Structures are given as C-alpha cells and as structure tokens.
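Chemist: Mind folding the following:
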Amino acid sequence: MGNYMRFEDLEIWQEAMALCKKIYTVLKDCKDYGLKDQMQRAAVSIPSNIAEGYERKGTKETVQFLYIAKGSCGELRTQLYIATDLNCIEQQNGQQLIEQTIRLSVKIYRYIQSVSNQQ
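Modeler: This next block holds a predicted model:
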C-alpha cells in the first residue's frame, strides 16, 4: 500500500477508541440506563466521526465531521460531570475521563486547523 495513511493511523482516532473502551468499562455496572446509553453513544460518535471525516477526503466535509467528533467530545464531558455528580462513576475515574476528553478535544481542534491549512 505504500505511504497510504488510514484513519486507524491517526493518533486522535486511536485516543478516541481508547476513550470509548474506557467509557464502556467504567459504565458496565451503571444502573442509570438512559445516561449510560447517552454516554456510550457520545463516546462511539467520536472515533466514528473522525473516521468518516477522514474517509471523505474533501477538506470541507472532513472538517465538518471533525467538528461533530469535537462536539461529541463536549457532550461526553458534560455527561461525565453528571455521572460523577450522581455517583454513577467513581470520582477519580470521572475526573481522569473528563481530563482525557479535554485533551482529546484540543487535539481534534489542532487536527482541524491542520486539515484546514492544507487547502
């Protein structure tokens, strides 16, 4: 395949996948099924939209999907605050995951800037 880069090679996609797995693990015993479902959907949306944007190849479309991923990151962060406040997630786990979503959001934004500058 040569130098062809795949979305699986993107650091932000790999980090989003790791975050998604952590969310599923941390929520496995959560009894608030509505919140659990919302959080899992937001977590899945992040790497999914990074991948979809990458596969689109048009700069405008790629950026649009990356912003959706960034938005899902913010949605998940809000839900983590809620889940932590309601003791669905242990305080320390919640705080680590919140920090992880902040770091990932920044990296997605930097990637958006990088893609936008390639026009």
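
Chemist: for the chain, which spans come out with low pLDDT?
Modeler: Along the chain, segments meeting pLDDT under 70 span 1-3, 119.

Chemist: got the contact list for the residue nearest in space to the middle of the chain?
Modeler: Centroid-nearest residue in the chain: Ile46, 3.4 Å away (criterion: Cα atoms, centre = their mean). By Cβ atoms under 8 Å, 6 or more residues apart in numbering, the residues touching Ile46 are 16, 19-20, 69, 72-73, 76, 104. C-beta here means a position set from N, CA and C on the backbone, and glycine is covered the same way.

Chemist: And for Tyr54?
Modeler: So Tyr54 contacts 7, 10, 13, 62, 65 (Cβ under 8 Å, 6+ apart).

Chemist: could I get those residues as CSV with distance to Ile98?
Modeler: Shown next, in CSV, are those (distance: Cβ to Cβ, whole Å):
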residue, distance to Ile98
Phe7, 25
Leu10, 23
Trp13, 20
Thr62, 27
Phe65, 24
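
Chemist: quick one: Gln92 and Glu99, what's the gap?
Modeler: Gln92 sits 11 Å away from Glu99, going by Cβ to Cβ, to the nearest Å.

Chemist: The two: which is more packed in?
Modeler: Legend: neighbour count by other Cβ atoms under 10 Å for Gln92 and Glu99, higher for Glu99 (12 against 9).

Chemist: Okay, and that one sits in which element?
Modeler: helix 91-117 (DSSP states H and E).
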